[in-house]
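**Student:** sequence unknown, structure follows:
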């Protein structure tokens, strides 16, 4: 795979950090997650990773963490600005500068935060909804006339956060091949959300977003770009923006309405798409029409056409369509394609691989006992080390 041989240290965090690490792991990187001792996790973005439990607030735990990072290609820091610096694990410790030689000048040090590091919100707590709120894009998203609706935590956490973090890491690795040096990759989810929203933000107030939110083609204003409820409570997605696609859609739809006796006194023409004054009538026509038949009926009507009308699938239905409940790593490369790395949904228990990782660092049984005695591996590590005696 593309990243075979790349060693990554990922401090345990929420959503964006684990997703960045997952992208790297899917493509062959060896990812070690540092967890707090006695911690619990609900992180499902852990395929292919290993975990070591370390209390980096202890001197010996800090030494182990520093040793891991000194031998790594990539570090993923998911903490608020200054946290790792205060612990003595900031970029200045690893990167060479005019005053000192760093422990690992080839390290790609990726820092992932919510708000811009130098902005007035930098010390505040926040989540995806807050980051997209400050990015400007939340105000443009569909919803009711009273307020916009947020799309789960996809924009900031995963697109503007985790995915752009992985992208930045890869860019830094490519540049390192020329310079021989690592660098800091700074990612904040407000700026990331703005970047992935470049098209709508640059178009705000003109073109497809000329009117108030909810009146434009792509924000729920156009009846030919929306989701409709069917007679069984399931939904169909309609996205026939281009005239030739709308023509196929409306011809098929009118045909069903006519044959079923539900056409009524008004029905849309192909030209109706361009008459904005008729959009309310078109929306009512489509809402009433879709409710006359179940979703799978409409699926068959439009399948194989260019009407841009397909069913809205549940996660279970989508898993059946794609042959697996696991989203397949993407993009697919012709020679070094990524690997799913798992065949069941599971979490990675914190500290599951502590002993193996410590052995790889060259620590002896006595060294591990000392770490346990100093509390660097947590209370549960005492039993773990005892069980592993025979393997050491």
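**Tutor:** Nice, thanks for sending it over. As the structure is a prediction and not an experimental result, all values here were calculated from the model.
**Student:** what segments of the stretch 251-392 of the chain are helices?
**Tutor:** For the stretch 251-392 of the chain, the helices defined by DSSP state H, counting those that start in this stretch occupy 279-290, 295-302, 315-322, 354-360, 365-373, 381-387.
**Student:** residue 271 is nearest to which of the ones you listed?
**Tutor:** Nearest to residue 271 among the helices of the stretch 251-392 of the chain is helix 279-290; the distance by Cβ to Cβ comes to 11.3 Å. No exception for glycine: its C-beta is placed from N, CA and C like everyone else's.
**Student:** give the buried residues for that closest one.
**Tutor:** For helix 279-290, burial by neighbour count (16 or more other Cβ atoms under 10 Å) applies to 279, 282-283, 285-286, 289-290.
**Student:** how about the helices of the stretch 251-392 of the chain in JSON lines, adding mean pLDDT and distance to residue 146?
**Tutor:** Shown next, in JSON lines, are these (pLDDT from 0 to 100; distance: least, Cβ to Cβ, whole Å):
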{"stretch": "helix 279-290", "mean pLDDT": "97", "distance to residue 146": "19"}
{"stretch": "helix 295-302", "mean pLDDT": "98", "distance to residue 146": "29"}
{"stretch": "helix 315-322", "mean pLDDT": "95", "distance to residue 146": "29"}
{"stretch": "helix 354-360", "mean pLDDT": "95", "distance to residue 146": "51"}
{"stretch": "helix 365-373", "mean pLDDT": "92", "distance to residue 146": "56"}
{"stretch": "helix 381-387", "mean pLDDT": "62", "distance to residue 146": "53"}
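**Student:** hang on, the earlier thing: biggest separation within the buried residues of helix 279-290, which pair?
**Tutor:** Greatest spacing in those, by Cβ to Cβ: 279 and 290 (16.1 Å).
**Student:** which residues of the stretch 201-350 of the chain score low on pLDDT?
**Tutor:** Applying pLDDT under 70 to the stretch 201-350 of the chain flags the ranges 342-344.
**Student:** picking up where we left off before, looking at the helices of the stretch 251-392 of the chain, which is buried most?
**Tutor:** helix 354-360 (a mean of 19; mean count of other Cβ atoms under 10 Å).
**Student:** could you report the neighbour count for residue 181?
**Tutor:** 15 (other Cβ atoms under 10 Å).
**Student:** first-to-last residue distance for stretch 1-18?
**Tutor:** Stretch 1-18 has an end-to-end distance of 20 Å (Cα to Cα, to the nearest Å).
**Student:** buried stuff in it?
**Tutor:** Of the residues in stretch 1-18, 1, 3, 6-18 count as buried by neighbour count, 16+ other Cβ under 10 Å.
**Student:** on that earlier part again, which one of the helices of the stretch 251-392 of the chain lies closest to residue 95?
**Tutor:** Closest approach to residue 95 among the helices of the stretch 251-392 of the chain is made by helix 354-360 (23.8 Å; Cβ to Cβ).
**Student:** need the pLDDT of the most centrally placed residue in the chain.
**Tutor:** The centre of the chain sits closest to residue 158, judged by Cα atoms, centre = their mean, with a distance of 2.2 Å. Residue 158 carries a pLDDT score of 97 in this model.
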